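Visitor: Sequence isn't available, so here's the structure alone:
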């Protein structure tokens, strides 16, 4: 089945300060897109706006999933519709076990019209699937009994996000710097895991500064954000160039966007 996530002319503000200044991006099912750019360019803002974070106010533009208006959906409706977001810094949920959390989340995504009180995925079938996914990701089965992100290391948090991705199997997944804070071996394992569970089975938008996460997820398209908009798009070769040489050419080629980016970063520091 073909699915499309389409973003057109998207403007987003935070506390009356415009962060995104007209973003256009179309992601097809089975495609891998890399989103890169210096700090403060708006990468995470784009992901959070797609998911409906209340701090990020869309002032213009539209987001559509298979033609449906995403902006009219609540965040949970967006998740049920098939959009997944892996946070840079996932929150802890003390008292809620990973297995219980995943059973409810998986049920709601697979049955988006489920009402409160309706039956969850049968426990036996769920446990079999969860066990298989954890074996695939080389995770200790005891992990499922721990409280969501409570006391997790950075690497454990990221692996928990990948486990959620594996179980939910969304139409589109936004991975916001999943490599952040991980050592080289952990990033390589994350890259392999994402490729095994996601490549060609969903649309991927990978927000990253580094090349290791893309090692097993070679992007079909690479986009560069600067000053709140996508200033350049290309193939995997563009990602490789940025890893080798940084953003100096991009800054020189798009001076207005660079000036806007620097202004946004200075405001954040202030």
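Guide: Structure received. Every value quoted in this text rests on a predicted model; they were computed, and no experiment measured them. Residues are numbered from 1 along each chain as shown.

Visitor: Identify the residue nearest the geometric centre of this structure.
Guide: In the chain, the centroid-proximal residue (C-alpha atoms, centre = their mean) is residue 174; its distance is 2.0 Å.

Visitor: can you pull up the bridge partners for it?
Guide: Beta bridges link residue 174 to residue 85, residue 205 when assigned by DSSP bridges.

Visitor: OK, contacts around it?
Guide: Residues counted as contacts of residue 174 (C-beta atoms under 8 Å, 6 or more residues apart in numbering) are 47, 50-51, 83-86, 205, 207. Using the backbone N, CA and C atoms, a C-beta is placed for each residue, glycine as well.

Visitor: distance of it from residue 195?
Guide: Per C-beta to C-beta, to the nearest Å, residue 174 is found 16 Å from residue 195.

Visitor: Centre of the chain to the helix or strand hosting residue 23, how far?
Guide: Using DSSP states H and E, residue 23 falls within strand 17-28. On the basis of C-alpha atoms, centre = their mean, to the nearest Å, strand 17-28 sits 15 Å off its chain's mean C-alpha point.

Visitor: next helix or strand past it?
Guide: strand 32-36.

Visitor: Give me the mean pLDDT for that following strand.
Guide: The average pLDDT within strand 32-36 is 95.

Visitor: tilt between the helix or strand following that strand and strand 17-28?
Guide: Remark: after strand 32-36, the chain's next helix or strand is helix 43-51, criterion DSSP H and E. Inter-element angle recorded for helix 43-51 and strand 17-28: 70 degrees (by axes from the mean of the first three to the mean of the last three C-alpha atoms, to 10 degrees).

Visitor: and helix 43-51, what does it pack onto?
Guide: In terms of contacts (3 or more C-beta pairs under 8 Å, 6 or more residues apart in numbering; DSSP states H and E), helix 43-51 is packed against strand 4-14, strand 17-28, strand 32-36, strand 57-65, helix 75-81, strand 83-86, strand 172-176, strand 203-207.

Visitor: try 7 Å this time
Guide: Counting contacts by 3 or more C-beta pairs under 7 Å, 6 or more residues apart in numbering; DSSP states H and E, helix 43-51 packs against strand 4-14, strand 17-28, strand 83-86, strand 172-176, strand 203-207.
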